[in-house]
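J.: Return a 3D structure for these sequence lines:
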Amino acid sequence: MRVLVALIVVWVLATGALVLIARQRVNHGLNALQAARDHLSAQALLTGQALPALQAAERDFSSAHSAASNPVLAPWSLVPLANDNVDSIRSLTGAAERIARVGATAARDGSAALRQPASTGAQRLALLDQVGALAARAQQGLNNIKLGPDFFLVGPLGSARARFLDRLASLRNTIADAQSLAQGAAELLRGPHNYLVLAANNGEMRAGSGMFLSAGVATFANGSFTMGPMVPTPTINPPPGAVPLTGALASLWGWLAPSADWRNLATTPRFDATAPLAAQMWQAETGQHVDGVLAVDPVTLQALLAAQGPVQVGAQQLSAANVVPFLLLDQYAGIPADVADQQDRLDQLSGVARATVDALSSRPWQPSALISELSGVGKGRHVLAWSSDPVEEQAWKAAGISGQLQSDSLAVSVMNFGGNKLDQFLHVTATLSTQVGPNGVSRAHLAVDLHNEAPTGLAGYVAGPNPNSGAAEGVYQGILAVNVPGTASLPTLHGVAPLLEAGIDGPTKSVAGGYFQVPRGQTLRATIDFELPAGAQAVEVEPSARIPPITWHYGPARFTDSSPERLAW
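T.: Now for the predicted structure:
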């Protein structure tokens, strides 16, 4: 009898040790997947950036599954309730090992495919088709995953199962995004498609992008593309009333006539609302139909030059190191504020865009470098895309460049109405604080500080004064607009007057005031207050595309809005 009892004690201790090992390995694997998820996107998966974390998770889950499958645990299958827990541990660890392996394989195969140069249109299409196929295989590999029973699970096991379901959903979404991105990009390149390209100037900001000051059409066909001439948008404004204005743009911003003036088009950060309007405006003025719209700024060109190498534009060699300061500041050297003829400078801007596109089209692609460089650009709203084709539009959503706001978005937009290029010298700081009341309602207070650091000695075209703006030399004049979550109360704005608009803007609510002025060396503070209903305890801070970016503070957290940032309390 003593021997039997001793054996039972040893068996119980052994099973406990195996379960503990399996639990520890599962937690390590889930933590590795959490690390991968925090930086995981379709682009990161394809370039292999998440591979180390996925491989670590695969090793941990494999070890956990070995422990959970040990024959020592088999007798527990005969014990009511305990059998569900043992079966669940075995199924969960096996499924986790399989899923981590699928993710690691997709990351490894994707990065290997993207290391192959693509010089011709046919090679580019073949590469995109290959990436789409491997993503489809990964999706298939994640189907029919069985996690075992979920009844009467002990607390730690139930918690691990819930965490795993969250990681599985995240990986499935990432792989689906990779497939959508590859399919949409391939469809665009196969063409024939015409896309309106809007050149945004971050020295003169609008909401969620720079002001659209130049426009042209890119043509895509057979894996290749060409860029037509860029024209200054003030020369192609459609007649008033030619493009009807409806919805939130009409109710909130109709007084700025955004459908009749390209410079006022981006008064909302909702590119999914302004891009279709841009396509109508282009057709109304030129008669040419376009299938989609791209908005790019100097940071986009910087990323392309970083991946593809420098270009020569006249006597100027432009590279990733100097293209942004050249386009924001250096090109205006010696140009007074009231100069009438800007044709030489506009031709130079067009030359930069065309040279960059020619380099992308004529040189062998470095796919991994292109995706790595452009993914960061897309997160910061420096490139935005919209298409009337559902497959392509889904690709832009998957890539995070559709420019849409969500129901929990929080966006700060400082728009330049001084007729100068001083945004590069306006430093914006946003400080958010929240307090949850006894009824569960969250009161949010946002303080926005605008500090004008413009130096003296700037070209007149940069510092002003623009004779039509009413702002003196070196003075920043603008409008402050804030979008808050759609479930929030209508925000109130203080420190900037008069109130210019307040209402519903798609899935958000919006408020704006101006025109404020910030002289050189001074700071203006504005505050925004709003409430969120019980249960709503997070916001997604949206990028502004400003250069420099907005600096945010939330409690001890400090970050710049170069990519979306989720704040929860």
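
J.: ok, now which ones touch G351?
T.: G351 makes contact with V313, G314 under the criterion CB atoms under 8 Å, 6 or more residues apart in numbering. Placement of C-beta: from N, CA and C, glycine included.

J.: That one: which element?
T.: When elements are assigned from DSSP states H and E, G351 belongs to helix 343-362.

J.: Mind listing what's buried along the helix or strand that comes right after that helix?
T.: Stepping forward along the backbone from helix 343-362, the first helix or strand reached (DSSP H and E) is helix 367-379. By 16 or more other CB atoms under 10 Å, the buried positions in helix 367-379 come out as P367, S368, A369, L370, I371, S372, E373, L374, S375, V377, G378, K379.

J.: Repeat that for stretch 476-491.
T.: Judged by neighbour count using 16+ other CB under 10 Å, the buried positions of stretch 476-491 are 476-486, 488-489, 491.

J.: Below-threshold pLDDT in the stretch 251-400 of the chain: ranges please.
T.: For the stretch 251-400 of the chain, the stretches flagged by pLDDT under 70 are 338-350.

J.: correct me, but Q424 touches I547?
T.: Yes. With contacts counted by CB atoms under 8 Å, Q424 reaches I547, the gap being 5.7 Å.

J.: Now the common contact residues for the two.
T.: Taking CB under 8 Å, 6+ apart as the contact definition, Q424 and I547 share the neighbouring residues N202, G203, L328.

J.: and those residues as JSON lines, adding secondary structure and distance to P192?
T.: As requested, the shared contacts of Q424 and I547 are arranged in JSON lines below (DSSP: H, G, I helix; E, B strand; the rest coil; distance: CB to CB, whole Å):
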{"residue": "N202", "secondary structure": "strand", "distance to P192": "32"}
{"residue": "G203", "secondary structure": "strand", "distance to P192": "35"}
{"residue": "L328", "secondary structure": "helix", "distance to P192": "34"}
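
J.: need the contact list for the most centrally placed residue in the chain.
T.: Among the residues of the chain, K379 comes closest to the average C-alpha position under CA atoms, centre = their mean, at 2.9 Å. In this structure, K379 makes contact with G400, P543, S562, S563, P564, judged by CB under 8 Å, 6+ apart.

J.: Same check on V475?
T.: In this structure, V475 makes contact with G418, N452, G464, P465, Q517, V518, P519, R520, judged by CB under 8 Å, 6+ apart.

J.: Would you map out the domains in the protein?
T.: Listed domain ranges for the chain are 2-189, 192-399, 409-568 (source: automatic domain parsing).

J.: Low-confidence regions, the stretch 101-250 of the chain specifically.
T.: Going by pLDDT under 70, which is the cut-off in play, the stretch 101-250 of the chain has low-confidence ranges at 144-168.

J.: mind listing the strands for it?
T.: According to DSSP state E, counting those that start in this stretch, the stretch 101-250 of the chain carries its strands in the segments 193-205, 210-221, 224-227, 231-232.

J.: Which of the ones you listed sits closest to S433?
T.: Comparison of those against S433 by CB to CB identifies strand 193-205 as nearest, at 25.5 Å.

J.: Which strands or helices does the closest one pack on?
T.: The contact analysis (3 or more CB pairs under 8 Å, 6 or more residues apart in numbering; DSSP states H and E) places strand 193-205 against strand 210-221, helix 271-286, strand 292-296, helix 298-308, helix 323-328, helix 343-362, strand 409-416.

J.: In a markdown table: those, plus distance to D529.
T.: Formatted as a markdown table, the helices and strands packed on strand 193-205 follow (distance: least, CB to CB, whole Å):
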| stretch | distance to D529 |
| --- | --- |
| strand 210-221 | 29 |
| helix 271-286 | 26 |
| strand 292-296 | 32 |
| helix 298-308 | 32 |
| helix 323-328 | 34 |
| helix 343-362 | 41 |
| strand 409-416 | 13 |
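
J.: So which of the ones you listed is nearest R263?
T.: The stretch from the helices and strands packed on strand 193-205 with the least distance to R263 (CB to CB) is strand 210-221; that distance is 5.4 Å.

J.: Need the nearest residue in space to I504, chain neighbours excluded.
T.: Closest residue to I504 in three dimensions, ignoring its sequence neighbours and counting by CB to CB, 6 or more residues apart in numbering: A248, at 6.4 Å.

J.: Roughly how far does the one you found sit from T274?
T.: Using CB to CB, to the nearest Å, we find A248 at a distance of 11 Å from T274.

J.: Of those two, give the one with the bigger neighbour count.
T.: Relative neighbour count places T274 above the other of A248 and T274, with 28 against 18, counting by other CB atoms under 10 Å.

J.: isn't the more buried one right up against W262?
T.: No. Contact criterion CB under 8 Å: T274 and W262 do not qualify, at 10.2 Å.

J.: First-to-last residue distance for stretch 254-271?
T.: Terminal residues of stretch 254-271 are spaced 17 Å apart (CA to CA, to the nearest Å).

J.: go on, stretch 373-389?
T.: The separation between the terminal residues of stretch 373-389, taken as CA to CA, is 26 Å.

J.: How about stretch 266-276?
T.: Stretch 266-276 has an end-to-end distance of 12 Å (CA to CA).

J.: So what touches it?
T.: For stretch 266-276, with CB under 8 Å, 6+ apart as the criterion, the contacting residues are 200, 206-209, 211-212, 247-249, 252-253, 256, 258, 265, 292-293, 295, 381, 384, 386, 388, 402-405, 411, 413, 415, 481, 483, 505-506, 510, 542, 544.

J.: Could I get the buried residue list for it?
T.: When burial is assessed from 16+ other CB under 10 Å, stretch 266-276 yields the following buried residues: A266, T267, T268, P269, R270, F271, D272, A273, T274, A275.
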